[in-house]
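Engineer: kindly return the folded structure for what I paste below:
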Amino acid sequence: MNLYDTLPEAAPTVFGAEAVGSSAYDVLTVDVPVGSWIPALEIARDKLGCTYFDWLSAVDEPGTGFRICAHVVALEGHRVRRLLLRTTVPHAAPSLPSAVAVYAGAEWHERETFEMFGVTFTDHPHLVPLLLPENFEGHPLRKDFVLAARVAKAWPGAKEPGEAHDPDAPKRRQMLPPGVPDPNDWGPLKGQLPPAPARPARTPRAGAPTRRPGPASADAPAEAPAVRPARRTRSVSEGSASQAAPAEGAPAEAPALRPARRTRSVSEGSASQTAPAEGAPAEAPAVRPARRTRSVSEGSASQAAPAEGTPAEATPTAKPPARRDAPWHDPKPAFDDPAPPKPAAGDPAPPKPPAGDPADGTTTPDHHDGGDA
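Structural biologist: Coordinates of the predicted model:
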């Protein structure tokens, strides 16, 4: 059994009494004090088989210090075992022994951590800046590092679209992200900028109702206006508050309230189409019958066949069939000839016109003189 498999429970036995082990996301984490930093790296390399050095960096923990982390891996038996060793150095004196003697690959990572966080690694062979330009002041990955570029140029959230560019115009309070100081407290314009103008108070809209709070105590003056009661949520079937039934003991002269709203389906029709109740006076007007649901094939009520016993004049004329769109499918003469009068009873039949008479619609051909003229 590999000693790695006994972690994290055996962390005090393997790395010392002050070591604390934990496991999360398939990564074993062991925290050791600063004095056990180099011995812990040697134990990970020699006893746990973590011969592969992955990376080394730091995290700025405000109020705690700089937490230095080294990630090493064991690759024995075609199996990947991860181990994260951590230690914490104070902000006041961030110093730690160099791990180059144990893992040669830590040289580049310690130079970067020194440049970005300001942690000094003693016994490092060449601890000089690596990434930043020369004469750069400060350590960018510290939480207290000032973002000087935001002091020279306002960050994009300083103005809202449509706000005036006049510095004296009232505007909303500017919000600064973490690490951005006030330009009047830090930078080339320190103490030279006027204070930000205060935003005027919002005036109430014209015509908007104002609600006054109720009395703060029982000793409030009697002239304080009564506040409106809390709004009540009512469903559609219950109706509005004005449709509620009157309470018991209501005076007789109180006006009758409208009955509660009733939910009706389409087939039942509206309330005005219901049958009259029993005992209704005879002079009450007849209400319209309930609405009937009809399909497309049945047509509307005006197209229904007349009931038996219905007088002929009460039956509406049936709608003629629809005509076709093309006019040549339904030809119609341009001028209608007047219908001949009907002969009376006992009159002789009119004589039949001779052939060629224009009365029957035929014409006699004209005789051409030819060349006899």
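Engineer: which of the three states applies to L96?
Structural biologist: strand (DSSP: H, G, I helix; E, B strand; the rest coil).
Engineer: ok, now how distant is it from L141?
Structural biologist: From L96 across to L141, the span is 16 Å (Cβ to Cβ, to the nearest Å). Using the backbone N, CA and C atoms, a C-beta is placed for each residue, glycine as well.
Engineer: and the two? Which one has more around it.
Structural biologist: L96 (22 against 16; other Cβ atoms under 10 Å).
Engineer: gap between the more buried one and L127?
Structural biologist: Distance from L96 to L127, by Cβ to Cβ: 12 Å.
Engineer: helix/strand/coil for P140?
Structural biologist: With three-state DSSP as the criterion, P140 reads coil.
Engineer: hang on, it packs against L132?
Structural biologist: Yes - counting by Cβ atoms under 8 Å, P140 touches L132, with 7.5 Å between them.
Engineer: excluding chain neighbours, what is closest to Y103?
Structural biologist: Leaving aside its chain neighbours, Y103 sits nearest to F53 (3.9 Å; criterion: Cβ to Cβ, 6 or more residues apart in numbering).
Engineer: for the one you found, what are phi and psi?
Structural biologist: phi -90, psi 120 (degrees, to the nearest 10).
Engineer: count the neighbours of it for me.
Structural biologist: Around F53 there are 20 residues (other Cβ under 10 Å).
Engineer: quick one: contacts for the residue nearest to K47 when sequence neighbours are not counted?
Structural biologist: Excluding its sequence neighbours, the residue lying closest to K47 (Cβ to Cβ, 6+ apart) is L3, at 5.5 Å. Contacts were defined as Cβ atoms under 8 Å, 6 or more residues apart in numbering; by that measure L3 touches 10, 14, 47-48.
Engineer: then E76?
Structural biologist: Counting by Cβ under 8 Å, 6+ apart, E76 has contacts 2, 49.
Engineer: go with 10 Å
Structural biologist: Applying Cβ atoms under 10 Å, 6 or more residues apart in numbering to E76 gives the contacts 2, 4, 48-51.
Engineer: which of the residues you listed lies closest to P183?
Structural biologist: Nearest to P183 among the contacts of E76, counting by Cβ to Cβ, is C50 at 49.4 Å.
Engineer: doesn't that closest one belong to a strand?
Structural biologist: No - counting by three-state DSSP, C50 falls outside a strand, being coil.
Engineer: any regions of the stretch 151-300 of the chain where pLDDT drops low?
Structural biologist: Scanning the stretch 151-300 of the chain for pLDDT under 70 picks out the ranges 151-179, 187-188, 196-201, 206-267, 269-300.
Engineer: please report the number of neighbouring residues for P181.
Structural biologist: P181: 15 neighbours (other Cβ under 10 Å).
Engineer: once you drop chain neighbours, what's closest to it?
Structural biologist: P181 sits nearest to V146 (Cβ to Cβ, 6+ apart), 5.8 Å away.
Engineer: give me phi/psi at the one you found?
Structural biologist: Per degrees, to the nearest 10, the backbone of V146 is at phi -90, psi 130.
Engineer: just to check, it is in contact with P183?
Structural biologist: No - between V146 and P183 there is no contact under Cβ atoms under 10 Å: 11.3 Å.
Engineer: in the helix or strand harbouring P39, what's buried?
Structural biologist: Assigned by DSSP states H and E, P39 belongs to helix 37-46. Within helix 37-46, the residues scored as buried using 16 or more other Cβ atoms under 10 Å are 37-38, 40-41, 43-45.
Engineer: other SSEs contacting the helix or strand containing F121?
Structural biologist: Here F121 sits within strand 120-122, counting by DSSP H and E. Helices and strands touching strand 120-122, by 3 or more Cβ pairs under 10 Å, 6 or more residues apart in numbering; DSSP states H and E, are strand 95-97, helix 106-117.
Engineer: other residues contacting it?
Structural biologist: 56, 68, 89, 93-100, 106-107, 109-111, 113-114, 127.
Engineer: drop anything exposed from these.
Structural biologist: Those of the contacts of strand 120-122 that meet the buried threshold are 56, 68, 89, 94, 96-100, 106-107, 109-111, 113-114, 127, by 16+ other Cβ under 10 Å.
Engineer: hang on, the earlier thing: wait, isn't the residue nearest to Y103 in contact with H71?
Structural biologist: Yes - assessed by Cβ under 10 Å, F53 is found in contact with H71 at 8.1 Å.
Engineer: which residues are in contact with both of the two?
Structural biologist: H109.
Engineer: quick one: which of the contacts of E76 is the most crowded by neighbours?
Structural biologist: Going by other Cβ under 10 Å, C50 tops the contacts of E76 with 26 neighbours.
Engineer: with adjacent residues omitted, what lies nearest to that residue?
Structural biologist: For C50, the closest residue by Cβ to Cβ, 6+ apart turns out to be V72, at 3.9 Å.
Engineer: do the same with M116
Structural biologist: In this structure, M116 finds its nearest non-sequential neighbour in L141, 4.1 Å apart by Cβ to Cβ, 6+ apart.
Engineer: show me what contacts the one you found?
Structural biologist: L141 touches 57-60, 66, 112-113, 115-118, counting by Cβ under 10 Å, 6+ apart.
Engineer: D60 should be in a strand, yeah?
Structural biologist: Yes - applying three-state DSSP, one finds D60 inside a strand.
Engineer: quick one: neighbours of it, just the number.
Structural biologist: Neighbour count of D60, defined by other Cβ under 10 Å: 20.
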